[in-house]
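Undergrad: Build the 3D model from these lines:
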Amino acid sequence: MRRLSLAGDGRHLLVPLDHSVSDGPIVPAGKWDDLLRALVDGGADGIIVHKGRARAFAPDILRNCALVVHLSASTACSADVHAKVLVADVEEALRLGADAVSVHVNIGSDTEARQLSDLGAVARSCDAWGMPLIAMVYPRGPRIEDPRDPALLAHLANVAADLGADMVKTSVALPVERMAEVVAGSPIPVLAAGGPPDGSDLVEYGTAVMATGCRGLAVGRRIFSVPSPASLVARLAAVVHGDGGASNGMSMTSSSTFVAGVA
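TA: Next up is the predicted model:
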């Protein structure tokens, strides 16, 4: 858990990069190391990738950044995009040197029961190995009327906690101020997923989210699709960690400029 908060303040800035399974390439194949180095230089606490990707990049890149291996998958081509299945296990993540694993569950989907079972099984393995578990739990599917309802999101956070997760990543309530209700009802740290739904300023949005008591941000597409990810990550790290984000021994400059090739 200490590796997931490099500033040592129990707060987290994670960058999910698992989109290449669900949606297709997020950057050209030869630019992956450049992107990862930009995220590390900017001060990200951790990245989230699938097991095959974790074997593909230079091993020294994550010396100052945690590795989270994502165990769930589905694609945009599926008959049911909300039907997540397990494609890796905790033991594989351990062999890759992962600091944590993550599992995706869509509450309200047609396959909710199986996804809950998978989360419970992964939590059991994590407990046996001492591996931190991040549950990505979202209100998605035909039975969800308001995916930004704070009462519903609080329910999801408790599902994650009760089934054994150490942290929960979920959607942000609207209005953002009501995310405080989700945090108040959660027995485990809450990470806010994604950026503002209206495409407004990400740093201002992150500031508002952190003010509600969330313990971190997990932002992917809004980071890896910009020309200079390191600069944006540095600004978000300052929001998440305050002064601690600049004193964790990592470069917080924007010198690592990277042009993203988004599919």
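Undergrad: Let's check: the centremost residue of this protein is which one?
TA: residue 218 (4.1 Å; Cα atoms, centre = their mean).
Undergrad: ok, that one - contacts?
TA: Going by Cβ atoms under 8 Å, 6 or more residues apart in numbering, residue 218 touches 12, 14, 15, 16, 48, 169, 191, 192, 193, 194. No exception for glycine: its C-beta is placed from N, CA and C like everyone else's.
Undergrad: Out of those, the closest to residue 25 would be?
TA: residue 16 (15.0 Å; Cβ to Cβ).
Undergrad: State the number of residues packed around the closest one.
TA: 23 (other Cβ atoms under 10 Å).
Undergrad: Show me which helix runs longest in this protein.
TA: When the chain is parsed with DSSP state H, its longest helix is helix 112-129.
Undergrad: hey, C-alpha coordinates of that one in PDB?
TA: Provided in PDB are the C-alpha atoms of helix 112-129 (Å, rounded to 0.1, in the frame of the first residue of the first chain):
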ATOM      1  CA  GLU A 112     -23.400  -8.600 -12.300                       C
ATOM      2  CA  ALA A 113     -23.600 -11.900 -10.300                       C
ATOM      3  CA  ARG A 114     -20.500 -13.400 -12.100                       C
ATOM      4  CA  GLN A 115     -18.500 -10.200 -11.700                       C
ATOM      5  CA  LEU A 116     -19.300 -10.100  -8.000                       C
ATOM      6  CA  SER A 117     -18.200 -13.700  -7.700                       C
ATOM      7  CA  ASP A 118     -14.900 -12.900  -9.500                       C
ATOM      8  CA  LEU A 119     -14.200 -10.000  -7.200                       C
ATOM      9  CA  GLY A 120     -14.700 -12.200  -4.200                       C
ATOM     10  CA  ALA A 121     -12.400 -14.800  -5.600                       C
ATOM     11  CA  VAL A 122      -9.700 -12.300  -6.400                       C
ATOM     12  CA  ALA A 123     -10.000 -10.800  -2.900                       C
ATOM     13  CA  ARG A 124      -9.400 -14.200  -1.400                       C
ATOM     14  CA  SER A 125      -6.200 -14.600  -3.400                       C
ATOM     15  CA  CYS A 126      -5.100 -11.100  -2.500                       C
ATOM     16  CA  ASP A 127      -5.600 -11.800   1.100                       C
ATOM     17  CA  ALA A 128      -3.500 -15.000   0.900                       C
ATOM     18  CA  TRP A 129      -0.600 -13.200  -0.800                       C
END
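Undergrad: Need the mean per-residue confidence for that helix.
TA: Helix 112-129 comes out with an average pLDDT of 98.
Undergrad: Stretch 68-79 too?
TA: The predicted model gives stretch 68-79 an average pLDDT of 97.
Undergrad: which parts of it are buried?
TA: 68, 69, 70, 71, 72, 73, 74 (16 or more other Cβ atoms under 10 Å).
Undergrad: Assess the claim that the second one and residue 103 are in contact.
TA: Going back to what we said before, that points to residue 69. No: if you go by Cβ atoms under 8 Å, residue 69 and residue 103 don't touch, sitting 10.4 Å apart.
Undergrad: Strands of this structure, residue ranges please.
TA: 12-16, 46-49, 66-70, 72-73, 85-86, 100-107, 133-139, 167-170, 190-193, 216-218 (DSSP state E).
Undergrad: on contacts alone, who are the packing partners of the fifth one?
TA: Going back to what we said before, that points to strand 85-86. Judged by 3 or more Cβ pairs under 8 Å, 6 or more residues apart in numbering; DSSP states H and E, strand 85-86 is in contact with strand 72-73, helix 112-129.
Undergrad: Could you single out the most deeply buried of those?
TA: Among these, strand 72-73 has the highest mean neighbour count (mean count of other Cβ atoms under 10 Å), at a mean of 20.
Undergrad: Other residues contacting that one?
TA: 18, 21-22, 50, 84-87, 102-105, 115, 118, 136.
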